[in-house]
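>>> Need a 3D model of the following:
(one chain, ligands or ions: 3)
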Amino acid sequence: MRARMPGVLLVLDGWGHAPPAPGNAISEAECPFLEGLVLGRRGVLLDASGGAVGLPEGTVGNSEIGHMVMGAGRPIEYDSLRVEQQVKSGALRSHPLLREACVRLAQQRGTLHLVGLISDGRIHSDIDHIAEVLRAARAHALERVVIHAITDGRDVPDGTGALYLSRLNEIVKVSGVGAVATVIGRNFAMDKSGADHLTAQAALLVLDGRAERSAPNAEDALRGGAPDGSVTATVITGATGGPAPVRDGDAIVFMNFRSDRMAPLADMVAVLLASTARSRVRLLSLGHYDTHAGIPALVPRADASGGLADALENSEVRSVRIAEREKFEHVTFYLNGRDARPRQQEEHVLVPPAATGPVQDHPEMNLRGLVQAVIEAAARPDVGLVVANLANMDVVGHTGAYHATRKAVEAVDRAAAQICSTAFAGGRWTLLVGDHGNAEQMLTSPTDGAPAIGYGGHTTNRVPCALISVRGERLKIPSGGEAAICSVGPTVLRLLGLPIPAAMSAPELVDDSAQPIRQG
Ligand SMILES: O=C(O)[C@H](O)COP(=O)(O)O
Ligand SMILES: [Mn+2]
Ligand SMILES: [Mn+2]
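Ligands and ions are numbered 1, 2, ... in the order given. Now for the predicted structure:
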């Protein structure tokens, strides 16, 4: 079946909305096209954070949940919310797998190793989840617990690493069990670019205590001025008296609830353990990981199936998914409901990087290649829907480099304008939407100083959504309600003229001002 009205869905990653102000890299950029959409009658603002999408209230949005709920057409309980529920109910600390590990280790004088990102960014992890697992260890009289701390500086302002490590030491003190054994930055431990040499620094630190340096306590590990994310592999000699290598029979719990940036480390640890005769080490993860190694999760994922991908496949409408590497899994795996199954009617285009080196040096990334791929796909009569993610505002935003982020916004503005005009000329509508905020709010107000521009994390701001339609349809927010990005999937299907599955409960946002389809 062909889509009666083919179109293009453009996700502008990190495109949030905030009033013009210092630190708003969008309002302080030259972006006439996007500005016109937001201020004009074509745009609405959608919720993309907290409970509206399936996150704990007050939690910033993120790319995974953003793409998942756009595809699912409904809020999806995100891993962080499901962990929070299990903490509140006590189910996590009494989890059978955790209990079994703690009891066995207590009997055998083995060690429980906790590996996780130490902050309350609540995009990958939450420091309070470490506290809950320490309570479980205490309850089962396990004394030997070591923490392998990964420092952040990306989901939370850079420079807060020492603050979080002292909070961790406070948690350890209150729990009465545990000690920080190692510290390393997330740019090593949570690299997902395939740079194995970075991942290896974390794996060998955790497993064998192999470090670049040592420090008497965790906070001292951050002395030396490196960004929090780039702290080199450090062994903490104070409390544990030195490295706490993993011995056969120990257990490791990966404490990030989010998989994508922990899976490479978890897989490398599994391979190294098997190759060093430590096959009796028990691996567990807080959330479900998409690893090659089978690692039991303490908290299972929510089902996000039955959405856009299934509806397109059932209607035999072809879609082409296009992104650079950083957001490729989002327009495929996550938009499909964390489903990696290949589909007949789906094509994937991974746009290669245009340059190497720090992304703030080339904020346009490879938008040229992405635009070309989108225009080529949109020119094909057999393609009902083109889906693309323009990653720049988020990926460059995360660096905290304000000028570069403004440049990224301007590059996205030009690219979006080009795609929309080409699509319109070809008789296609274009729906543009942010998946969460980032570039619109880069002013950090640290507790210990004057606000400064340089915060690169996500926000809880609403995101713009705009429609450029050949038939004159306009977006409308359902009467009296607020709308969220969950409505993107149903709106896309409505614009394509396709049936909307019952599971996609979010309302579509299109009014019925569309002109009748010209026959012939
Ligand atoms: O992993 C990252 O890059 C950030 O911590 C989260 O950003 P994302 O949710 O946009 O991937
Ligand atoms: Mn994103
Ligand atoms: Mn991001």
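>>> Break the protein down into its domains, please.
Per the record, the chain has its domains at 7-78+304-511, 80-299, by automatic domain parsing.
>>> As a check, name the ranges of all strands in the stretch 201-350 of the chain.
In the stretch 201-350 of the chain, the strands defined using DSSP state E, counting those that start in this stretch lie at 213-215, 234-236, 251-254, 282-287, 297-299, 318-324, 346-351.
>>> same question, the stretch 351-500 of the chain
Under DSSP E, counting those that start in this stretch, the stretch 351-500 of the chain gives strands at 383-390, 429-434, 443-444, 452-453, 463-468.
>>> likewise the stretch 1-150 of the chain?
Under DSSP E, counting those that start in this stretch, the stretch 1-150 of the chain gives strands at 7-12, 43-46, 112-117, 145-151.
>>> Now the last one: buried residues?
Residues of strand 145-151 classed as buried: 145, 146, 147, 148, 149, 150, 151 (neighbour count, 16 or more other Cβ atoms under 10 Å). Quick note: C-beta positions are derived from backbone N, CA and C, even for glycine.
>>> so which of the strands of the stretch 351-500 of the chain comes closest to residue 158?
The closest of the strands of the stretch 351-500 of the chain to residue 158 is strand 443-444. By Cβ to Cβ, the value is 8.7 Å.
>>> The closest one pairs with which strands, and in what direction?
strand 452-453 (antiparallel) (DSSP bridges).
>>> What sits closest to the residue in the stretch 401-520 of the chain positioned nearest to ligand 1 if chain neighbours are left out?
Residue of the stretch 401-520 of the chain nearest ligand 1, by Cβ to the nearest ligand atom: residue 458 (6.5 Å). Counting by Cβ to Cβ, 6 or more residues apart in numbering, residue 458 lies nearest to residue 60, which is 3.9 Å off, once chain neighbours are set aside.
>>> now swap in residue 437 and tell me
Per Cβ to Cβ, 6+ apart, closest to residue 437 is residue 16, 2.1 Å.
>>> Spell out which parts of the stretch 1-150 of the chain neighbour ligand 2.
13, 63 (Cβ under 5 Å from the ion).
>>> one more time with 8 Å
Proximity of the stretch 1-150 of the chain to ligand 2 (Cβ under 8 Å from the ion) is limited to residues 11, 13, 14, 61, 62, 63, 66, 67.
>>> most neighbours, which of those residues?
Counting neighbours by other Cβ atoms under 10 Å, the top entry in those is residue 14, with 34 neighbours.
>>> Mind pulling up the pLDDT for that residue?
Predicted confidence (pLDDT) at residue 14: the value is 98.
>>> hang on, it packs against residue 442?
No. Judged on Cβ atoms under 8 Å, residue 14 makes no contact with residue 442 at a distance of 10.4 Å.
>>> just for this structure, where's the confidence low?
Scanning the chain for pLDDT under 70 picks out 1-3, 239-242, 445-450, 513-520.
>>> Those residues of it touching ligand 1, which are they?
Taking Cβ under 6 Å from any ligand atom as the contact definition, the chain meets ligand 1 at 62, 63, 64, 123, 124, 154, 155, 261, 394, 398.
>>> So which of those is the closest to ligand 2?
Taking Cβ to the ion as the measure, residue 63 is the one of the residues of the chain next to ligand 1 closest to ligand 2, at 3.0 Å.
>>> Distance from stretch 7-20 to the middle of the chain?
With Cα atoms, centre = their mean, to the nearest Å as the basis, stretch 7-20 stands 16 Å off its chain's centre.
>>> so how many other residues sit close to the closest residue to residue 53 other than its chain neighbours?
Spatial nearest neighbour of residue 53, chain neighbours left out: residue 69 (4.9 Å); criterion: Cβ to Cβ, 6+ apart. Per other Cβ under 10 Å, the neighbour tally for residue 69 reads 32.
>>> could you dump the strands of the stretch 1-150 of the chain to CSV with distance to residue 320?
CSV is the format used below for the strands of the stretch 1-150 of the chain (distance: least, Cβ to Cβ, whole Å):
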stretch, distance to residue 320
strand 7-12, 10
strand 43-46, 24
strand 112-117, 34
strand 145-151, 36
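>>> related to what we said a few turns ago, so the residue nearest to residue 458 sits right up against residue 436, yeah?
Yes. Using Cβ under 8 Å, residue 60 is in contact with residue 436, at 6.6 Å.
>>> These two - which one has more neighbours?
Using other Cβ under 10 Å, the more surrounded residue of residue 60 and residue 436 is residue 436, with 29 against 21.
>>> The more buried one: what's it in contact with?
Neighbouring residues of residue 436 by Cβ atoms under 8 Å, 6 or more residues apart in numbering: 14, 16, 48-49, 60-63, 66, 394, 458-459, 463.
>>> swap in residue 49?
Contacts of residue 49 by Cβ under 8 Å, 6+ apart are 55, 58, 59, 60, 61, 436, 437, 458, 459, 460, 461.
>>> nearest spatial neighbour of the fifth one, skipping sequence neighbours?
Nearest residue to residue 61, sequence neighbours excluded (Cβ to Cβ, 6+ apart): residue 436, at 2.8 Å.
>>> For residue 104, give me its contacts.
Residue 104 neighbours (Cβ under 8 Å, 6+ apart): 110, 251.
>>> now do 10 Å
By Cβ atoms under 10 Å, 6 or more residues apart in numbering, the residues touching residue 104 are 110, 112, 140, 142, 249, 251, 282.
>>> in the longest helix along the chain, what's buried?
Counting by DSSP state H, the longest helix found in the chain is helix 402-425. For helix 402-425, burial by neighbour count (16+ other Cβ under 10 Å) applies to 402, 404-420, 422-423.
>>> same check, this time on stretch 344-356
Applying 16+ other Cβ under 10 Å to stretch 344-356 flags 345, 346, 349, 351 as buried.
>>> Start and end of it, how far apart?
Taking Cα to Cα, to the nearest Å as the measure, stretch 344-356 stretches 34 Å from start to finish.
>>> what's the spacing between that stretch and its chain's center?
Distance, centroid of stretch 344-356 to centroid of chain: 19 Å (Cα atoms, centre = their mean).
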